[in-house]
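Engineer: coords below, sequence missing:
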Ligand code: NAD
């Protein structure tokens, strides 16, 4: 029996986490879900969108599956996602991006993994109001954070038989900060002589990604560039509804859907649960449930190839419940 913190989250979060729970149950894996409210519901219950009880649960279980939570823009509490990443020092945001059968896009052989540094850069949250007409945000890049994300990316490349790591930067303009990041990616590359290494400026990277995405293998980059590139790459294979995401540190891991809480479709039973399900596949691999992970992965491929039980965002007309039922049937067979 695995004990895992489950955060349903906001908007479509409860619908897609319910779907994932049913599909994991159908795979035969025994999970005790420690359900914790984070987000708008927690704000109502506890007066705090990220209550201590949820933090303690993740501390105890070390692993969490998380639905999306709504972040208020320009006001209110600090982003819950950023706080979670900082609290648990989840320094690596890892996003595998792979072309899927049955999902039509202009590209067919995309297969890359993006490693985004998750704790600093402009996301350090240091914003100073100088006067009412001027605000300054500070970009923080440290040697330690640059080194550990680089090591994570290279180690992953080695363990997963990947051939090349590309460091994405803007050191031509931010010579000192991005320069420091590159110093560490280069130093790490020297230790992994079996893995090819190259560097690409972020704007050029964006152009190349939409021209020849199949040329990329593993990307390692800072927080802001990684945030933008990760979503661009999701778009290459069918969008945010079909890519997994995980936030990983030394001691804790949070697996989550990379899309948001989709308030426009919440409660309509049309949310696509595949992104969270794919993240849960990565989670099952990490906890040693490889057989179940493979069987859910195969079920996802069959569902997409067959194309008959897809939600509207994937061009179908199925409800979340119908898609979930079909996935449960495929997993159980
Ligand atoms: P969003 O991802 O919620 O929605 C963008 C579009 O994609 C919407 O049209 C939505 O309906 C659609 N969509 C997203 N997920 C879908 C799914 N699973 N199935 C079908 N359609 C889906 O992005 P947004 O509107 O910019 O953000 C909404 C809220 O979510 C904001 O408060 C934002 O801060 C938050 N957010 C949270 C996370 C997270 O918790 N990890 C990530 C991104 C955004």
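Structural biologist: Alright, I've got the coordinates. Because the structure is predicted, anything quoted here is derived from the model rather than measured.

Engineer: so what pLDDT did the closest residue to residue 330 other than its chain neighbours get?
Structural biologist: Distance criterion CB to CB, 6 or more residues apart in numbering; nearest residue to residue 330, sequence neighbours excluded, is residue 299 at 3.7 Å. To be clear about C-beta, it is placed using only N, CA and C from the backbone, and glycine gets the same treatment. Per-residue pLDDT puts residue 299 at 98.

Engineer: which strand or helix spans the closest residue to the ligand within the stretch 201-333 of the chain?
Structural biologist: Across the stretch 201-333 of the chain, no residue is closer to the ligand than residue 260, which sits at 2.4 Å (CB to the nearest ligand atom). Secondary structure from DSSP states H and E places residue 260 outside every helix and strand.

Engineer: and if you look at the one 5 residues further on?
Structural biologist: Counting by DSSP H and E, there is no helix or strand that carries residue 265.

Engineer: which non-adjacent residue is nearest residue 248?
Structural biologist: Residue 248's closest residue in space is residue 92 (CB to CB, 6+ apart), at 4.6 Å.

Engineer: circling back to that earlier point, quick one, what contacts the residue nearest to residue 330?
Structural biologist: Taking CB atoms under 8 Å, 6 or more residues apart in numbering, we find residue 299 in contact with 23, 327, 330, 331.

Engineer: the helix or strand harbouring it: what's the following helix or strand?
Structural biologist: Here residue 299 sits within helix 290-306, counting by DSSP H and E. Using DSSP H and E, the helix or strand that follows helix 290-306 towards the C-terminus is helix 320-332.

Engineer: do that next one and the ligand meet at all?
Structural biologist: No. On the criterion CB under 6 Å from any ligand atom, helix 320-332 is out of touch with the ligand, staying 8.3 Å away.

Engineer: ok now that helix, how far from the chain's centre?
Structural biologist: Offset of helix 320-332 from its chain centre (CA atoms, centre = their mean, to the nearest Å): 23 Å.

Engineer: who does it touch, helix- and strand-wise?
Structural biologist: helix 13-26, helix 290-306 (3 or more CB pairs under 8 Å, 6 or more residues apart in numbering; DSSP states H and E).

Engineer: residues in contact with that helix?
Structural biologist: So helix 320-332 is contacted by 15-16, 18-19, 22-23, 26-27, 269-273, 277, 295-296, 298-300, 302-303, 308-311, 318 (CB under 8 Å, 6+ apart).

Engineer: the stretch 51-200 of the chain against the ligand: which residues are in contact?
Structural biologist: So far as CB under 6 Å from any ligand atom goes, the stretch 51-200 of the chain lies against the ligand at 68, 69, 70, 71, 81.

Engineer: nearest residue to the third one in space, please, no chain neighbours.
Structural biologist: Closest residue in space to residue 70, ignoring its immediate chain neighbours: residue 10 at 4.2 Å, by CB to CB, 6+ apart.
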